[in-house]
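Q: Generate coordinates for the sequence data below:
(4 chains)
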4 protein chains.
Amino acid sequence: MCRWMAYSGEPILAEELLFRPTHSIIDQSLHAKLQGYTTNGDGFGIGWYGDSPTPAVYKSSHPAWNDRDLHEIAGQIRTPLLFAHIRASSGTPVQRSNCHPFRYGRWLWMHNGSLAGFQKMKRDLMMEVDPSLFANIEGSTDTETLFFLALTYGLEEDPPNAVARAVGFIEEVGHRHGIEYPVHMTVATSDGESIWAFRYSSEKSTSSLYFSTDVAQLQQLYPDLEMLNKLGAETRLIVSEPLGDLPGAWNEVPEGSWGVVRPGEDEIQPFLPVAAKS
Amino acid sequence: MCRWMAYSGEPILAEELLFRPTHSIIDQSLHAKLQGYTTNGDGFGIGWYGDSPTPAVYKSSHPAWNDRDLHEIAGQIRTPLLFAHIRASSGTPVQRSNCHPFRYGRWLWMHNGSLAGFQKMKRDLMMEVDPSLFANIEGSTDTETLFFLALTYGLEEDPPNAVARAVGFIEEVGHRHGIEYPVHMTVATSDGESIWAFRYSSEKSTSSLYFSTDVAQLQQLYPDLEMLNKLGAETRLIVSEPLGDLPGAWNEVPEGSWGVVRPGEDEIQPFLPVAAKS
Amino acid sequence: MCRWMAYSGEPILAEELLFRPTHSIIDQSLHAKLQGYTTNGDGFGIGWYGDSPTPAVYKSSHPAWNDRDLHEIAGQIRTPLLFAHIRASSGTPVQRSNCHPFRYGRWLWMHNGSLAGFQKMKRDLMMEVDPSLFANIEGSTDTETLFFLALTYGLEEDPPNAVARAVGFIEEVGHRHGIEYPVHMTVATSDGESIWAFRYSSEKSTSSLYFSTDVAQLQQLYPDLEMLNKLGAETRLIVSEPLGDLPGAWNEVPEGSWGVVRPGEDEIQPFLPVAAKS
Amino acid sequence: MCRWMAYSGEPILAEELLFRPTHSIIDQSLHAKLQGYTTNGDGFGIGWYGDSPTPAVYKSSHPAWNDRDLHEIAGQIRTPLLFAHIRASSGTPVQRSNCHPFRYGRWLWMHNGSLAGFQKMKRDLMMEVDPSLFANIEGSTDTETLFFLALTYGLEEDPPNAVARAVGFIEEVGHRHGIEYPVHMTVATSDGESIWAFRYSSEKSTSSLYFSTDVAQLQQLYPDLEMLNKLGAETRLIVSEPLGDLPGAWNEVPEGSWGVVRPGEDEIQPFLPVAAKS
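A: Numbering: from 1, shown residues only, chains lettered A, B, ... in the order given. Down below sits the predicted model:
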């Protein structure tokens, strides 16, 4: 398992998001609260969008909590859309190519959870990946395979449908291999404009996922809280666990749903895997 | 802070000590119980004696829990005397040269604790290190400086006295800099024949330290416990926290004392810092 | 490309093989002579056989030349059969799981060379790997895929035939993808008893490979050379480039051949790829 | 020894400087030409000035040539003043805290060369460092000690004089220890506005150092060379070895001199160490 955080809004210094909050994602690398265990020290990664056509990533196999370069770089990155992830390996090697977020073209992808019995399913899952995409898989994680299945099923055109099909396929393969609950995921993915988030598990009991309350609403709740003035109106945060304790600031993403954050209306919908043959 | 473990006895496969126990030191890197926090992921190190004139060390800046090479090497090392340490940095960089155990000639040294206000005291402490030893200091930790002060004061001839003088000196320097409780330590050091252990803090409230009950005694307590037959009669373990839950197997090293494990009689004595001018 | 060295003979301290020779493999990591370029700094690995049922490995993504732990460990390993490899990546990530030697059961495998256009062929090659072996592939190198194809074709029963079939298959796949010369390799593989070595390329112009002259012969050539008395009569070395300059000590493995070093008679035979459908 | 590169001029994407030139500093990490050996694989670092009050640094103990994060970050950094350095260790450990450039406040410092017999001189040199600065020394290199001696002697007020006094002091200490030629250096240091460069050795035979010809002059020499139009008029490069072969583009910094690049007039002056007692 892991923890992650996605930000969308006015350009902000990465340092503000990664290190300032009371229970920042960096703090969660040592003191996660909603996980069953506290440590996510098998590497970390950040991805962000800026002027380049594609997003940049900075990833390392070392724990996040004492990484000096992360501090340095976070103080230099100003971005309107940031992904951050801290890793707790579910068995695959601790190496940079197994850290999230993963990238393909303009897309970023990160995941908390696992595909149960992945070693048994691996060949079947990888053979389903589109041949033109196959060689792009660089690491050995279940997350990366899930990403490339979603790409195979049209992530770039219709993310919720692509992910639904990927999950449906994996569940079918899993059942064939005698795995009762193959999929456990909270996922975030983005094309640099919108962020799609997913909270689903085959067992219907998924790791936590929260989204932030609208800043304008929070300003009404807390008219004297200065800190809120620093955040733009378009600020959206989607997180594995809340970055702080402010009542009313965090809302649970419902079990078995997907949501999208984008200019204009956000939305939340039920997430329903699509069976492979349908 | 950190956790450590020292073993002395019949030659044993390092893997047996590092990975087999229920609450092994590797388990303590993620799930320490007696520390106030659970994670020691800022590197690790092992040191062991064998046929070579000097002990060998294997150290890494990565966390211990997922280090594949540690597994590999532990399965290859058979030794009568092993030091193992997992690090939680008190501020200095996470790098191999700051991992314990430190080595000088035949001596190994490891430490759990810190020298409060070390940055203020550092120059004074390093100036006191014998000029012929100064250039041997490779890292930037308080531990290494403490080690070289002990060497300066004659660790190789009379370890308890040397450490007492080192601590006395540091306390005096600390007080001059307005540091009320300069020293906090559990320390193990060895020349390959004996192991000296220390439990002391200026505040008289030190991290935990335990030594194992005599194996013969344990066999009388638990005549049916097979596992005990694998351990030789000369087995001694000194640990930051017990490796398992067997009642009667672990004995607390008293606050403010030192002990020595060696062929023949072991002993425990009060530890009294020796003031610099005396 | 890379450099490697395989040793078979009386148990020897790894340090003697890795660091003592004038042009040791560690020296070759910085000063390779027969390669067209001098540096192999994308990681290294050693594998060795001892008392354990399976060989141990120690691998790192850092360059070999300044790796302190390699020195430490080499001074502790006494083995009758050692593989050592220094890596120059042909494009895949620099990470421990991409370092050689690779291991499966009792087998070790290392390689100098590459599979041209590997990214194009990768899916076809991986699909041919036996499903029961597929999930054992942890890295992303062409070398590891070649190893697992050889395993698929019966490396554990008949190594030369298995490798010939693997190469034949890869050449056929390569040609289908418009790759003229798909395979370039010097390979060593062992089960702990024998070492098989291969020197072959589709272009019939392969990286260098040498084997050492029989020690008894060398003693006749150089009756006064003391160093030879330290080497047992069964000493065999197979190397990418000679470890020193002693005339008559090194013999080129012929282009397009395979050889085996084992108790009793060694042999060298022509290497002929076996086409997939035959 | 090492190689380095300093840039001053219009804000430029770090990627343009680090990767685009034919013989970029990243290329020099594998293929240095003017050094006597080709490889600088013991780590690297970049430092750059931007909106923050102090410069940022990104450093790693891995070789530069295959570092993916360096590529990522270089594509995101736009800066008017950049330092880049690739390391070949002269004996001290390969670790991030021993990589250049070093930083103190607004100052960056990097160095090619060494202090001969540094281990013998180390204590004397470190004791001369101002007590208020002492604890800032984090690594174990001669370079960092030289930097802090320069700071001790007033680098922040008068860099040429401070460096002259530091060198004078080291030469005197060296001679006392029987070291004939204690200092060998090309150094660059900056406060974010100007860059001071030094080329000096006690033996009067120093590693190469070049500065770039004025861009306007180059445009007159090569009116058709498009690439020059991308460079602003204020472009200044100071390098261990030229980044390419364009005749007339590179000028040797004279042996035993210092120079400064800044808004307005640059200058070059003889470098004369100042003896400690004077």
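Q: which bits of the stretch 51-200 of chain A sit near chain D?
A: The stretch 51-200 of chain A comes close to chain D at residues A:52, A:56-60, A:68-69, A:72-73, A:75-77, A:96, as judged by CB under 8 Å from any CB of the partner chain. Yep, even glycine has a C-beta here, placed from its N, CA and C like the rest.
Q: Give the burial count for the nearest residue to A:A216 once chain neighbours are set aside, as a bare number.
A: Leaving out its chain neighbours, the residue that sits closest to A:A216 by CB to CB, 6 or more residues apart in numbering or on different chains is A:A233, at 6.0 Å. Using other CB atoms under 10 Å in any protein chain shown, A:A233 has 10 neighbouring residues.
Q: And the residue lying farthest from the centre of chain A, how close does it get to A:W250?
A: Largest separation from the mean C-alpha position in chain A: A:D224, at 32.2 Å (CA atoms, centre = their mean). Computed with CB to CB, to the nearest Å, the distance linking A:D224 and A:W250 is 20 Å.
Q: Counting by contacts, list what whichever helix or strand A:A166 is part of packs against.
A: Assigning secondary structure by DSSP states H and E places A:A166 in helix A:159-176. Applying 3 or more CB pairs under 8 Å, 6 or more residues apart in numbering or on different chains; DSSP states H and E, we find helix A:159-176 packed against helix A:118-128, helix A:142-152, strand A:183-190, strand A:195-201, strand A:257-261.
Q: try it again with 6 Å
A: Packed against helix A:159-176 by the contact rule (3 or more CB pairs under 6 Å, 6 or more residues apart in numbering or on different chains; DSSP states H and E) you find helix A:118-128, helix A:142-152, strand A:183-190.
Q: That one: which residues count as buried?
A: A:159-160, A:162-171, A:173-174 (16 or more other CB atoms under 10 Å in any protein chain shown).
Q: Walking through chain A, point out its strands one by one.
A: Using DSSP state E, the strands of chain A run over residues A:2-13, A:44-49, A:56-60, A:78-87, A:102-104, A:107-115, A:183-190, A:195-201, A:210-212, A:236-239, A:250-252, A:257-261, A:267-270.
Q: want to throw the ones you listed into CSV with mean neighbour count and distance to D:W196?
A: Converted to CSV, the strands of chain A look like this (neighbours: other CB atoms under 10 Å in any protein chain shown; distance: least, CB to CB, whole Å):
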stretch, mean neighbour count, distance to D:W196
strand A:2-13, 22, 31
strand A:44-49, 27, 35
strand A:56-60, 22, 31
strand A:78-87, 26, 30
strand A:102-104, 23, 40
strand A:107-115, 26, 42
strand A:183-190, 25, 45
strand A:195-201, 24, 47
strand A:210-212, 21, 48
strand A:236-239, 24, 45
strand A:250-252, 14, 52
strand A:257-261, 20, 49
strand A:267-270, 12, 58
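Q: need those in a markdown table with distance to D:T141, can you?
A: Output for those, formatted as a markdown table (distance: least, CB to CB, whole Å):
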| stretch | distance to D:T141 |
| --- | --- |
| strand A:2-13 | 32 |
| strand A:44-49 | 28 |
| strand A:56-60 | 23 |
| strand A:78-87 | 32 |
| strand A:102-104 | 36 |
| strand A:107-115 | 38 |
| strand A:183-190 | 42 |
| strand A:195-201 | 44 |
| strand A:210-212 | 46 |
| strand A:236-239 | 41 |
| strand A:250-252 | 47 |
| strand A:257-261 | 47 |
| strand A:267-270 | 55 |
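Q: would you turn those into JSON lines with mean pLDDT?
A: Formatted as JSON lines, the strands of chain A follow (pLDDT from 0 to 100):
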{"stretch": "strand A:2-13", "mean pLDDT": "93"}
{"stretch": "strand A:44-49", "mean pLDDT": "97"}
{"stretch": "strand A:56-60", "mean pLDDT": "97"}
{"stretch": "strand A:78-87", "mean pLDDT": "96"}
{"stretch": "strand A:102-104", "mean pLDDT": "98"}
{"stretch": "strand A:107-115", "mean pLDDT": "97"}
{"stretch": "strand A:183-190", "mean pLDDT": "98"}
{"stretch": "strand A:195-201", "mean pLDDT": "98"}
{"stretch": "strand A:210-212", "mean pLDDT": "93"}
{"stretch": "strand A:236-239", "mean pLDDT": "94"}
{"stretch": "strand A:250-252", "mean pLDDT": "93"}
{"stretch": "strand A:257-261", "mean pLDDT": "96"}
{"stretch": "strand A:267-270", "mean pLDDT": "95"}
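Q: Now those strands in CSV, please, with extra columns for distance to chain C.
A: Below are those laid out as CSV (distance: least, CB to the nearest CB, whole Å):
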stretch, distance to chain C
strand A:2-13, 19
strand A:44-49, 14
strand A:56-60, 11
strand A:78-87, 14
strand A:102-104, 13
strand A:107-115, 12
strand A:183-190, 18
strand A:195-201, 23
strand A:210-212, 33
strand A:236-239, 29
strand A:250-252, 35
strand A:257-261, 30
strand A:267-270, 33
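Q: among the helices and strands of chain A, which has the poorest mean pLDDT?
A: When each helix and strand of chain A is scored by mean pLDDT, DSSP states H and E, helix A:215-221 comes last, with a mean of 83.
Q: name the helices or strands packed onto that helix?
A: So helix A:215-221, by 3+ CB pairs under 6 Å, 6+ apart, packs with no helix or strand.
Q: What residues sit buried inside that helix?
A: Across helix A:215-221, burial judged by 16+ other CB under 10 Å covers A:215, A:218.
Q: quick one on the thing from earlier: quick check: the gap between the residue farthest from the centre of chain A and A:R20.
A: For A:D224, the distance to A:R20 equals 19 Å [CB to CB].
Q: and what of A:A166?
A: Distance from A:A166 to A:R20, by CB to CB: 35 Å.
Q: What of A:T189?
A: From A:T189 across to A:R20, the span is 25 Å (CB to CB).
Q: Also A:A249?
A: Taken as CB to CB, the span from A:A249 to A:R20 is 15 Å.
Q: And for whichever residue of the stretch 151-278 of chain A sits closest to chain B, the neighbour number?
A: Ranking the residues of the stretch 151-278 of chain A by distance to chain B (CB to the nearest CB) places A:E241 first, at 17.1 Å. The tally of other residues near A:E241 (other CB under 10 Å) stands at 20.
Q: if I pick it, what's in contact with it?
A: Listed by CB atoms under 6 Å, 6 or more residues apart in numbering or on different chains, the contact partners of A:E241 are A:34, A:208.
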